[in-house]
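J.: The sequence isn't on hand, but the structure is:
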C-alpha cells in the first residue's frame, strides 16, 4: 500500500503509460490528494485524472517527475509497429520512425550524437513475402539489427516446414551480413553459446527486437504480422506481434 495522507502536498494513485483497456498511447490513471492507496480502489472518494497532477497545487513537481518517468518507460520499451500488421516492414515501422526522431537522438551523449553517420541497411521492406526482391535499402543513423546480422545464416523455415519454404529463409538471409562481434561470440540461428543476447533491464530479462519482419502469413490473416526477436533468455529466434512491446538494442556507425 502507498501512503499519501501526510496532507495536501502528498497523494496516492494508480497510473499507466498506456490505456490498459485498449493500449492507446496515452497516460492513464487517477489519484487522490491526502489519501491512502486503499482509498483509490475502494471508490469511497472521487478521484482526479492523472493528467491533473502536474497542475495540482503543492504537487506540481511530483506530477512533472511522474510524467518524466512515463517518458523513460515509453522510450525504453518500444512497439515495432503502430498497428498489428507488418506491412511495409522495417521502412514503415514505428520503431524506425522513433529511432530517426530527435526524441531518440536526445538520449545519446552530445559527443556521440555529433559523430554518428547514416549507413545503408538491407531489409525486407514489404512484410509478408517470399521474394528476395522485397529486400531493399534504407539509410539509417540508428537501427535495430536484422536476424541475419545477429544470427548469420538461418534455415528456420526449411527446418520447421520443409524445403518448400526455403524461399522465406532466403529473404531473411539477404538482410545484410552477420556482424563480426556476434560471430566471434558463437551466436548462430539456434544458439547463443555465451549469453550475449540475453538482455536485462533493472534486474528483469527482456526480449528485444530485430528489424526483420516474419515474412509468412500466419493462418492466412494478413492483418496480423510479426517481427523477429531475441527472447528473454537470449534464444536467437522468437516472434513478437508488430504492435507489442519489447526492448531495443540499437546499432550505429561513427
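T.: Perfect, thanks for sending it. Note that this is a predicted model, so its numbers are computed, not measured.
J.: Stretch 182-194 spans what distance, first to last residue?
T.: Distance between the two ends of stretch 182-194: 10 Å, counting by C-alpha to C-alpha, to the nearest Å.
J.: Can you give me the buried ones in that stretch?
T.: With burial defined by 16 or more other C-beta atoms under 10 Å, the residues of stretch 182-194 counted as buried are 182, 187, 188, 189, 192. In short, each C-beta sits where N, CA and C put it, glycine included.
J.: and after the worst-scoring helix or strand of the chain on mean pLDDT, which helix or strand comes next?
T.: Taking mean pLDDT, DSSP states H and E as the measure, the chain has strand 78-79 as its least confident helix or strand, at a mean of 64. Once the chain leaves strand 78-79, the next helix or strand it forms, by DSSP states H and E, is helix 94-99.
J.: Now do that next one: which elements does it pack against?
T.: strand 78-79, strand 135-140, strand 143-144, strand 208-213 (3 or more C-beta pairs under 8 Å, 6 or more residues apart in numbering; DSSP states H and E).
J.: Okay, angle between the second one and strand 208-213 too, please.
T.: Relative orientation of strand 135-140 and strand 208-213, computed by axes from the mean of the first three to the mean of the last three C-alpha atoms, to 10 degrees: 130 degrees.
J.: Show me the strands paired with strand 135-140, marking each as parallel or antiparallel.
T.: Strand 135-140 has its sheet partners listed here by DSSP bridges as strand 119-124 (antiparallel).
J.: Quick one: distance of the strand it pairs with to the chain centre.
T.: 19 Å (C-alpha atoms, centre = their mean, to the nearest Å).
J.: cool, stretch 45-61 as well?
T.: Relative to its parent chain, stretch 45-61 has a centroid offset of 30 Å by C-alpha atoms, centre = their mean.
J.: can you pull out the strands in the stretch 101-250 of the chain?
T.: Along the stretch 101-250 of the chain, the segments classed as strands by DSSP state E, counting those that start in this stretch run 119-124, 135-140, 143-144, 199-201, 204-206, 208-213, 226-230, 238-241, 245-246, 250-251.
J.: what's the least confident stretch among those strands?
T.: When these are compared by mean pLDDT, strand 199-201 comes last with a mean of 84.
J.: re earlier: please identify which of the buried residues of stretch 182-194 is nearest to residue 40.
T.: Checking the buried residues of stretch 182-194 against residue 40 by C-beta to C-beta gives residue 192 as the nearest, at 43.0 Å.
J.: close enough to count as contact, the closest one and residue 236?
T.: Yes. Using C-beta atoms under 8 Å as the test, residue 192 is close enough to residue 236 to be in contact (5.7 Å).
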